[in-house]
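[1] the sequence isn't on hand, but the structure is:
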């Protein structure tokens with residue numbers, strides 16, 4: 001159900017000594033609290049920002065907060081007003097192939113749902129049937145997002161080696177929606193020249209349309225020093241060099257409370273988004289460009305956040321809009337395609 005690499009990880013039980021609920025770092029999710037049941041992630045995505053944190057466990061090790069349900073219960077009991085929504089595992093994945101982790105995720109989810117608190121999550125793992133049964137009992141309080149960029153097994157093995165294979169994630173989507181649970185797709189992080197090839201997009205959107213998907217949230221890969229080092233360490237130079245070269249003239253912006261985030265140049269993101277939009281339209285799907293990961297552009301709030309967070313005024317774009325007209329030079333295909 002998961003990529004082979006996930007089973008090489010060793011889960012280690014530990015205790016959480018600090019607060020477990022924290023404000024979400026992304027502006028469009030203001031009013032939503034974040035809850036991480038582990039430190040570290042066996043999915044081992046090579047582009048993961050959380051793996052690049054200095055305090056992240058080394059590859060192959062995963063810390064599971066076995067006392068998290070008790071701490072969560074105590075924190076909720078002290079609150080004068082319960083949160084409207086809690087997002088599970090913003091720096092890891094709530095569904096990884098370890099019974100101790102899944103037990104903590106289940107207990108935390110049930111505790112929140114029984115108190116009328118909306119639970120939202122993004123996963124690239126396999127969702128066990130027990131969770132689908134739980135979520136179906138509180139279907140009006142669950143917002144699920146399945147991360148899916150490509151159906152190509154080569155991409156999966158190279159960039160997301162510990163995650164559930166694409167067909168398993170489609171099955172997640174199918175089972176959740178059949179149970180009456182609001183479940184959608186997050187197409188993130190797009191890597192121009194790798195995940196936005198027309199034939200791959202056409203195949204992906206055709207499969208999503210068969211599952212009843214009519215919109216997808218879209219985000220792009222961004223770089224921080226630790227992420228760049230992960231890419232160099234875990235990808236062949238023939239892949240890493242052209243990938244990182246695209247960022248050379250990209251702007252430095254604040255993304256998720258980090259002011260040292262380098263984005264792809266706007267013209268590259270716009271050109272790539274046009275490809276995605278055209279491929280999606282062929283299958284009756286509307287792509288929504290994530291505003292929080294594109295603060296320099298006139299983007300939108302992700303579908304997954306619109307009914308969860310408090311209203312936040314849009315940030316004024318400082319560079320380009322998706323509506324701008326590409327010059328003849330910009331319309332040329334980039335050399336890495």
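    Received it, and whenever you're ready, just let me know what you need. What you see is a predicted model, and the numbers here were worked out from it, not measured in a lab. Numbering: from 1, shown residues only.

[2] which strand residues bridge residue 39?
    For residue 39, the beta-bridge partners are residue 63 (DSSP bridges).

[3] dump the residue contacts of it.
    Going by C-beta atoms under 8 Å, 6 or more residues apart in numbering, residue 39 touches 55-57, 62-63, 65, 91-92. Every residue, glycine included, has its C-beta placed from N, CA and C.

[4] contact partners of the helix or strand where residue 103 lies?
    Using DSSP states H and E, residue 103 sits in helix 99-114. Helix 99-114 has contacts (C-beta under 8 Å, 6+ apart) with 11, 13, 35, 37-38, 62, 64-66, 68-69, 72-73, 76, 86, 88-89, 94-96, 119, 128, 130-131, 134-135, 137-138, 141-142.

[5] cool, and stretch 79-90?
    Contacts for stretch 79-90 (C-beta under 8 Å, 6+ apart): 21, 24-25, 29, 31-38, 76, 94, 105, 108-109, 112, 115-123, 143, 308-309.

[6] ditto for stretch 141-149
    With contact meaning C-beta under 8 Å, 6+ apart, stretch 141-149 is reached by 85, 113, 116-124, 135, 155, 159, 163, 166, 169-170, 172-173, 176, 181-191, 195, 204, 208, 217, 304, 307-308.

[7] pull out the buried members of the contacts of residue 39.
    In terms of neighbour count (16 or more other C-beta atoms under 10 Å), the buried residues within the contacts of residue 39 are 56-57, 62-63, 65, 91-92.

[8] related to what we said a few turns ago, in PyMOL, how would I select the buried members of the contacts of helix 99-114?
    Buried subset of the contacts of helix 99-114, written as a PyMOL selection, criterion 16+ other C-beta under 10 Å:
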select buried, resi 11+35+37+38+62+64+65+66+68+69+72+76+86+88+89+94+95+96+119+131+134+135+138+141+142
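
[9] okay, and which of the contacts of helix 99-114 map to helices?
    Members of the contacts of helix 99-114 lying in helices (criterion: DSSP state H): 68-69, 72-73, 76, 130-131, 134-135, 137.

[10] just the closest of these to residue 221, please.
    residue 131 (28.9 Å; C-beta to C-beta).

[11] where do the helices sit along the chain?
    68-78, 99-114, 129-137, 153-159, 166-178, 198-210, 225-234, 237-245, 266-281, 303-306.

[12] residue 121 touches residue 94, doesn't it?
    Yes. With contact defined as C-beta atoms under 8 Å, residue 121 counts as touching residue 94 (5.4 Å).

[13] show me the shaky parts of the stretch 201-337 of the chain.
    Within the stretch 201-337 of the chain, the ranges that satisfy pLDDT under 70 run 257, 259, 301, 303-337.

[14] now do 50
    By pLDDT under 50, the weakly predicted segments of the stretch 201-337 of the chain are 309-337.

[15] can you say which of the contacts of stretch 79-90 are buried?
    By 16+ other C-beta under 10 Å, those give 21, 24, 29, 32-38, 76, 94, 105, 108-109, 112, 117-123, 143, 308-309 as buried.

[16] what pLDDT, on average, does the longest strand along the chain get?
    Secondary structure of the chain per DSSP state E: the longest strand is strand 182-190. Strand 182-190 shows a mean pLDDT of 97.

[17] what's the span of stretch 230-244, first residue to last?
    12 Å (C-alpha to C-alpha, to the nearest Å).

[18] got the buried residues for that stretch?
    Per 16+ other C-beta under 10 Å, stretch 230-244 contains these buried residues: 230-231, 234-235, 239-240, 242-244.

[19] same question for stretch 166-176.
    For stretch 166-176, burial by neighbour count (16+ other C-beta under 10 Å) applies to 166, 168-173, 175-176.

[20] mind checking how far residue 116 is from residue 110?
    According to C-beta to C-beta, to the nearest Å, residue 116 stands 12 Å off from residue 110.

[21] before we move on, what about residue 191?
    Residue 191 sits 36 Å away from residue 110, going by C-beta to C-beta.

[22] check residue 130 too.
    10 Å.

[23] also residue 201?
    Taken as C-beta to C-beta, the span from residue 201 to residue 110 is 38 Å.

[24] so between these two, which is more surrounded?
    The residue with more neighbours, out of residue 201 and residue 110, is residue 201; 24 against 17, by other C-beta atoms under 10 Å.

[25] quick one, what contacts the more buried one?
    275-276, 279-280.

[26] one more time with 7 Å, if that's ok
    Contact analysis of residue 201 by C-beta atoms under 7 Å, 6 or more residues apart in numbering lists 275-276, 279.

[27] buried subset of those residues, written for ChimeraX?
    Burial among those is assessed by 16+ other C-beta under 10 Å; the matching ChimeraX selection reads:
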select :275,276,279
